[in-house]
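Visitor: any chance you could fold what I've pasted below:
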Amino acid sequence: MIQAEGLNLGYGERLVLKDLNFRVAAGEFVGILGPNGSGKSTLMHALCGLLAPREGRISIKDRRLEDITSRVRAQILAVVPQSSDMRFPFSCLEIVLMGRYPRRRRWGSLRDDDLLWALKSMRRTTTEHLQDRPVTEVSGGERQRVVIARALAQDPEFLLLDEATSSLDVRKKLEIFEILKFLNATRGLTVLCAMHDLNLAALYCGRLMFIKDGGIIQDGPTEEVFTPEVLARVYQTPMEVIRHPGHQRPYAVMLPLTPGAVAEEEILEAAQEVQSSRFKVQS
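Guide: Below you'll find the predicted structure:
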């Protein structure tokens, strides 16, 4: 279980999220949604221990997050960021094997079991053919799948994904979520994923948490909260929600913005900026 109580999060003097209270039970598949700048990544940073709360507490399995050693934390919690800056030419297999370090005995070497876990994780993420390639010589999407394989190799109880599939093509994105769905159903993996793709979230997540204006404005089962009213309130965009004829899950259809939704002044300012930049280039 992950629990947040009276959580206030921010950077410097800026408060981003305030008074968050929620619980995520073991085995849940939760999507965290909201517009740009709403605080999704801030929350994910706090849940994995990268950002200390200003107030409140985060508990994992009834233990305060700050009381859990980094080694134990890495055994129960894996994180996949939106992108990873890798400047050293480790092989992709070496990167995935790094996910096994929390499972090693102290001062012990990697075992055959660790290699099997790494190869199995690479096979699941269709990156096995990259194992000997330097991670600095693969595409961004391939590198991201290698990072996801590293997280799976940790064999965690909780997996946090911060827009982790945004750089993947449609097929690879679905493949990753099918793996997460399988591990959630068969191994009880608890998944929290911050994301922008509404329909991907509705397709795979059993619960959705919408964040906006510094707090959680809607939280509940996907079938109950994925509605035109909630989506319009969160994204200030008209949408329809239908039942997809194929999988029967709720599906959002965007509608054109009504005339006047974008202020005329903003359009004129944008046009002036473009015209000014063109003049500078010509000069």
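Visitor: which stretches of the stretch 1-150 of the chain form strands?
Guide: Taking DSSP state E, counting those that start in this stretch to define them, one finds strands in the stretch 1-150 of the chain at 2-11, 14-24, 29-33, 55-60, 63-64, 77-80.
Visitor: go through those strands and name the closest to Glu94.
Guide: strand 77-80 (17.4 Å; CB to CB). Quick note: C-beta positions are derived from backbone N, CA and C, even for glycine.
Visitor: now for the closest one, which elements pack on it?
Guide: Identification of packing neighbours for strand 77-80 by 3 or more CB pairs under 8 Å, 6 or more residues apart in numbering; DSSP states H and E yields helix 140-153, strand 158-162.
Visitor: which residues of this protein score low on pLDDT?
Guide: Along the chain, segments meeting pLDDT under 70 span 106-108, 259-283.
Visitor: gap between the residue nearest the centre of it and Asp169?
Guide: With distances taken as CA atoms, centre = their mean, the chain has Asp162 as the residue nearest its mean C-alpha position (2.4 Å). Asp162 is 19 Å from Asp169, where distance means CB to CB, to the nearest Å.
Visitor: related to what we said a few turns ago, dump the strands of the stretch 1-150 of the chain into CSV; add distance to Ile176 and mean neighbour count as well.
Guide: Below are those laid out as CSV (distance: least, CB to CB, whole Å; neighbours: other CB atoms under 10 Å):
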stretch, distance to Ile176, mean neighbour count
strand 2-11, 21, 18
strand 14-24, 20, 16
strand 29-33, 13, 25
strand 55-60, 24, 17
strand 63-64, 29, 12
strand 77-80, 9, 24
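Visitor: got JSON lines for those strands, with distance to Pro156 too?
Guide: Formatted as JSON lines, those follow (distance: least, CB to CB, whole Å):
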{"stretch": "strand 2-11", "distance to Pro156": "12"}
{"stretch": "strand 14-24", "distance to Pro156": "14"}
{"stretch": "strand 29-33", "distance to Pro156": "14"}
{"stretch": "strand 55-60", "distance to Pro156": "11"}
{"stretch": "strand 63-64", "distance to Pro156": "15"}
{"stretch": "strand 77-80", "distance to Pro156": "4"}
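Visitor: which one of these lies nearest to Leu174?
Guide: Leu174 sits nearest to strand 29-33 of all the strands of the stretch 1-150 of the chain, at 15.1 Å, using CB to CB.
Visitor: what about the helices in the stretch 151-283 of the chain?
Guide: Taking DSSP state H, counting those that start in this stretch to define them, one finds helices in the stretch 151-283 of the chain at 170-187, 198-204, 222-225, 228-235, 264-282.
Visitor: show residues contacting the shortest one.
Guide: Right, helix 222-225. 31, 201-202, 205-208, 210, 218-219, 249-250 (CB atoms under 8 Å, 6 or more residues apart in numbering).
Visitor: picking that back up, got the helices and strands packed on strand 77-80 as CSV, with distance to Tyr235 columns?
Guide: Shown next, in CSV, are the helices and strands packed on strand 77-80 (distance: least, CB to CB, whole Å):
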stretch, distance to Tyr235
helix 140-153, 25
strand 158-162, 19
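Visitor: can you tell which of these is closest to Arg63?
Guide: strand 158-162 (12.7 Å).
Visitor: list the helices and strands the closest one packs on?
Guide: Counting by 3+ CB pairs under 8 Å, 6+ apart, strand 158-162 packs on helix 40-47, strand 77-80, helix 140-153, strand 190-194.
Visitor: thought His244 was touching Tyr251?
Guide: Yes - counting by CB atoms under 8 Å, His244 touches Tyr251, with 4.2 Å between them.
Visitor: those two: which is more packed in?
Guide: Set His244 next to Tyr251 and count neighbours by other CB atoms under 10 Å: Tyr251 wins out with 18 against 12.
Visitor: which residues sit in contact with the more buried one?
Guide: 199, 202, 241-244.
Visitor: could you redo the last one with a cut-off of 10 Å?
Guide: 198-199, 202-203, 226, 240-245 (CB atoms under 10 Å, 6 or more residues apart in numbering).
Visitor: closest to Leu97 among the residues you listed?
Guide: Proximity of these to Leu97 (CB to CB) peaks at Leu203, which lies at 31.9 Å.
Visitor: count of neighbours near the nearest residue to the closest one once chain neighbours are set aside?
Guide: Distances taken as CB to CB, 6 or more residues apart in numbering put Arg249 closest to Leu203, at 5.2 Å, once the chain neighbours are dropped. The tally of other residues near Arg249 (other CB under 10 Å) stands at 15.
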